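1. Provide a 3D model corresponding to the input given below.
(chains A and B)
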Amino acid sequence: MTRFNPKEAEPRWQARWEAEQAFTAFPDASREKYYVLEMFPYPSGRIHMGHVRNYTMGDIVARYKRAQGFNVLHPMGWDAFGMPAENAARERGVHPAIWTYENIATMRGQLKAMGLSIDWSRELATCDPEYYGQEQRMFLEFLERGLVYRKESAVNWDPVDETVLANEQVIDGRGWRSGALVEQRQLTQWFFKITAYADDLLKSLDTLERWPEKVRLMQSNWIGRSEGLRMRFAITGEARGLPGAGELEVYTTRHDTIFGMSFCAISADHPIALELAAKDPVIAEFCKQCRDIGGTAEALERAEKLGFDTGLRVRHPFIAGREAPVYIANFVLMGYGTGAIFGCPAHDQRDLDFARKYGLSVVPVVAPEDNPGVIIENDAYTDDINGRMINSDFLNGMDIAQAKAEIARRMQAMSSGEPAVSFRLRDWGVSRQRYWGCPIPVIHCAKCGVVPVPYDQLPVTLPHDVTFDKPGNPLTHHPDWKHMDCPECGAGAVRETDTFDTFVDSSWYFARFCSPRANVPVDPMEAEYWMPVDQYIGGVEHAILHLLYSRFFTRAMKETGHARDAEPFSGLFTQGMVTHETYKDANGAWLFPEQIIRRDGAAVHRESGAPVLVGKIESMSKSKRNVVDPETIIAQYGADTARWFVVSDTPPERDIEWTESGIEGAWRFTQRVWRLVDESLAKLPLVNAPVPDGRGRASVALRRASHNAITWVTEDIERFHFNRAVARIYELANGINSFINLDCTEAAAGYALREALESLVILTAPMMPHLAEECWRALGHDRLLVHTPWPKADPELTRADQVTIIVQVNGKRRGELGLAPGTPRQEVENLALAMEAVIRHMDGKPARKVVVVADRIVNVVV
RNA sequence: GCCCGCUUGGCGGAAUUGGUAGACGCAAGGGACUUAAAAUCCCUCGGCUGUAAGGCUGUGCCGGUUCGAGUCCGGCAGCGGGCACCA
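-> Now for the predicted structure:
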């Protein structure tokens, strides 16, 4: 008996696939294409289990679709710009480019060891000038089209490191490295006009039928479209001299509640608030307090609703003589609507809390249909669909929709308001004050202003000779890189030293894969053929930003002639994370899983034998040390075992727990498949032997098991139910095992066994491709399994010759009947009524009703 | 606070979408082989009850619809995720 040795076999098959260029993709109009893509990795240095799971799933789809006859594109690249490279440069003195390309080399080797069916000839890294030069070209085209603009925007500024910090680098208001208090600084920055597509990005979500509902909902909420009314109130009293010519403009979606208005509130950043703050230090102090809450949702959540009465009053548009006070309030945001609201406490919880605090009136104006005399205590009536207007003059008796329409009509007639649509979505700021990113290809000239770098001077490449010994951006410190002559007037000018947000790089790489070496962003012929991505796979953490930016970018590319379709990904799957138990020693220090062994059911330290505290199961992270290194696992068990484990048992969209016993179970199965094949070889007829005439019960049953497995596994892979596919494969293996144990002498036994083993091998191949090739060759095939078509189940063989019909009395199972499929109802009923157990449970009563579901169930009701 | 989602044995999870609840795997227990171990193979495995055949019960909790509910409806609880005090 031999064993399957992955250490020897896996590299051998990988070399063979490479030699045959089995995964190199060429456009071929005569064949249907299928583009499978997993989110490309950041080259951090080593792959982790999340990558293994992600790329295994993509590879299953790629190999399956290839076997189904599709022309498959399955590329790989590197999201190679970003801060960790600069951190490494500062901490260890290694140049970001060197650090990055070395990491890429390591990780490429690790991914290749997984046996992924990737077209490596299309590999790209976003830090290749060949790649980012085309990105710069598209930026300039977007600029020409008005899809890009500059404006002032605040950044987190670390005064000690003299650098801009990303939000995640600000911890409790301090810089992560320096510990200095972070300041807000205004910088002029570049923005992509994603809001220009807000409506389309929202509406088109409906067309993305093969996206998870959850992701579409998250994007929809993020875009946050609302329809309302912008309305202006006359300011009375000290209105003169204030911005807005004595009017306060508010935005509301509940204009139906105008008769319940008891105050207005403006943001601390509203022009009126700024003006007042400039004159009054008390107001200035209050505004500062409001801003200081800032930041996280949680902080805002806990903050008490605070207001400052400005002394201003606005006139109610429909009630003569009625006025409402204007407050500056900490819960009104300048960035949304007009930065001002009117408060109707009876129908908005925040407004109600605010009104109670400041003793403002609470007048209900909408009543539930079943409670016209509604009284508001501590809960606002916030239903904005069902209700009838009360206490509202000419609106009384209308429903909410009618009331909204009437107010909109009247406000428009008075030229005091108009319908308005608001979005939560804001334009995408892409400027980063960093070295290791794509340079923004513009020049600042004292005379000509912002001048685009001429197309023939692209790419603007990063200078290699930079130093990281000073705080701040090395590009601005570089002695000569930024200095140049203005392309328009020839005078001395400076380059932009900001680089792009790395989300820009990842917003079009999927299109670049179609033609990674082209001297245009995308080769139209290749892109026409391959795009869109048919199946995109990645973590749900990218559900909003990366996917939304990519959808925007593809629209912008469409407008500049680089894309045919607006949507880049027609199918999306978001996979769960890989988790592991956590371990701590007596001192509370985290321990690696390999430092732990189980002794008498208790976890102890491998070397010292000291007891170990087993903590929660959490997603693998270096900080908690609950990580298992894929390279170690592959060295120990082989890639196939690792691949098999990460898709077994747990549905792909859920978090999977990595366990030692689980990987051992997967390892046992690889050996089991090999053994079933190896031990059967002597009993098998030749490849392609004709179907023998003789039949036999056991052989027919085995053939049915094979064809059922083909049916089920095919369906399960199509539907991303890899864990079920795995279960079906186990069932087939169990069936083959039982058949072998029978030592069956039927004429068809050998044929049935070969068919079963070949089915097992082919169905297993997407998950365990090396083992499958090894078995395939052992079974006598010369042609590679990767070139072998996916099998089709024969419906003749899957049809059961007998079905089990459950017999119930009053809905309780009392027995079963084994009958030929399609047995007539009456016959089934008669047989059921004649059963001893049925008669017993009918207790002498007559059957009131007999429900017969064909081939399924009989229910006798007494 | 709002919006989603989930809740099935010791564990991960199945259940052809209203028709045998617990497939398959892991763990556990028993047995075979072996000098022994490993590997492998066979058997048992929701709970209660019974010598057995069987019976009762069981999919977070309460109620409803139905001949029949893990699945559909209403309410509640717990857990997880998303977010925006968004007017």
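2. So what touches the host helix or strand of A:K151?
-> Assigned by DSSP states H and E, A:K151 belongs to strand A:148-158. Outside strand A:148-158, the residues within contact range by C-beta atoms under 8 Å, 6 or more residues apart in numbering are A:139, A:142, A:163-167, A:169-170, A:175, A:177-178, A:180, A:182-193, A:429, A:433, A:450. All C-beta spots, glycine's among them, are computed from the backbone N, C-alpha and C.
3. Could you do stretch A:782-799 as well?
-> A:16-17, A:20, A:22-23, A:63-64, A:66-69, A:117, A:700, A:703-704, A:706-708, A:710-711, A:714, A:758-759, A:761-762, A:765, A:769, A:772-773, A:776, A:781, A:821.
4. One more: stretch A:140-147?
-> Under C-beta under 8 Å, 6+ apart, the answer for stretch A:140-147 is A:148, A:192-193, A:196, A:441-442, A:452-453, A:455, A:458, A:556, A:559-560.
5. try it again with 6 Å
-> With C-beta atoms under 6 Å, 6 or more residues apart in numbering as the test, stretch A:140-147 has contacts from A:148, A:193, A:452, A:556, A:559-560.
6. buried sites along that stretch?
-> A:140-143, A:147 (16 or more other C-beta atoms under 10 Å).
7. Can I get it in CSV, CA atoms only?
-> C-alpha atoms of stretch A:140-147 as CSV (Å, rounded to 0.1, in the frame of the first residue of the first chain):
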residue,chain,number,x,y,z
LEU,A,140,-6.1,63.7,-16.0
GLU,A,141,-8.9,62.5,-18.2
PHE,A,142,-11.3,62.7,-15.2
LEU,A,143,-10.0,66.1,-14.5
GLU,A,144,-10.8,67.2,-18.1
ARG,A,145,-14.3,65.8,-17.7
GLY,A,146,-14.9,67.7,-14.4
LEU,A,147,-15.0,64.5,-12.3
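8. and it, average pLDDT?
-> The pLDDT scores in stretch A:140-147 average 96.
9. Distance to A:V647 and secondary structure for the buried residues of stretch A:140-147 - can I get that in a markdown table?
-> Shown next, in a markdown table, are those (distance: C-beta to C-beta, whole Å; DSSP: H, G, I helix; E, B strand; the rest coil):
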| residue | distance to A:V647 | secondary structure |
| --- | --- | --- |
| A:L140 | 44 | helix |
| A:E141 | 42 | helix |
| A:F142 | 40 | helix |
| A:L143 | 45 | helix |
| A:L147 | 41 | coil |
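10. Can you identify the element that follows the strand holding A:K151 toward the C-terminus?
-> Assigned by DSSP H and E, the successor of strand A:148-158 is strand A:163-165.
11. Give the other helices and strands that that following strand contacts.
-> strand A:148-158 (3 or more C-beta pairs under 6 Å, 6 or more residues apart in numbering; DSSP states H and E).
12. Just give the number of residues close to A:L360.
-> 19 (other C-beta atoms under 10 Å).
13. err, A:G373, not the other one
-> So A:G373, with other C-beta under 10 Å, has 7 neighbours.
14. for it, phi and psi?
-> phi -100, psi 30 (degrees, to the nearest 10).
15. can you tell me how far it sits from A:N396?
-> 14 Å (C-beta to C-beta, to the nearest Å).
16. sorry, back to before: so which of the contacts of stretch A:140-147 wins on neighbours?
-> Highest count within those by other C-beta under 10 Å belongs to A:A556, 25 neighbours.
17. quick one: it from A:A518, how far?
-> With C-beta to C-beta as the criterion, A:A556 and A:A518 are 18 Å apart.
18. and stretch A:523-539, anywhere near RNA strand B?
-> No - for stretch A:523-539, no contact with RNA strand B is found by C-beta under 7 Å from any atom of the strand; the gap never falls below 10.5 Å.
19. in that stretch, what counts as buried?
-> A:523, A:526-527, A:529-539.
20. where exactly do the strands run in the stretch 401-550 of chain A?
-> Counting by DSSP state E, counting those that start in this stretch, the stretch 401-550 of chain A has strands at residues A:417-422, A:428-429, A:431-432, A:442-445, A:449-452, A:483-485, A:492-495, A:499-500, A:535-539.
21. JSON lines for the ones you listed, including distance to A:P281 and mean pLDDT?
-> Compiled in JSON lines, these are given as follows (distance: least, C-beta to C-beta, whole Å; pLDDT from 0 to 100):
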{"stretch": "strand A:417-422", "distance to A:P281": "33", "mean pLDDT": "91"}
{"stretch": "strand A:428-429", "distance to A:P281": "32", "mean pLDDT": "88"}
{"stretch": "strand A:431-432", "distance to A:P281": "34", "mean pLDDT": "88"}
{"stretch": "strand A:442-445", "distance to A:P281": "38", "mean pLDDT": "95"}
{"stretch": "strand A:449-452", "distance to A:P281": "38", "mean pLDDT": "94"}
{"stretch": "strand A:483-485", "distance to A:P281": "45", "mean pLDDT": "93"}
{"stretch": "strand A:492-495", "distance to A:P281": "40", "mean pLDDT": "94"}
{"stretch": "strand A:499-500", "distance to A:P281": "41", "mean pLDDT": "94"}
{"stretch": "strand A:535-539", "distance to A:P281": "49", "mean pLDDT": "94"}
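22. which bits of the stretch 551-700 of chain A sit near RNA strand B?
-> Listed as neighbours of RNA strand B in the stretch 551-700 of chain A under the rule C-beta under 7 Å from any atom of the strand: A:648-651, A:654-657, A:659, A:661-662, A:664-665, A:668-669, A:671-672, A:675.
23. Surely A:L312 and A:Y327 touch.
-> No - A:L312 is beyond contact range of A:Y327, at 9.1 Å (criterion: C-beta atoms under 6 Å).
24. For the stretch 451-600 of chain A, just list every one of the helices.
-> Per DSSP state H, counting those that start in this stretch, the stretch 451-600 of chain A carries helices over the ranges A:474-477, A:502-505, A:509-512, A:524-530, A:545-559.
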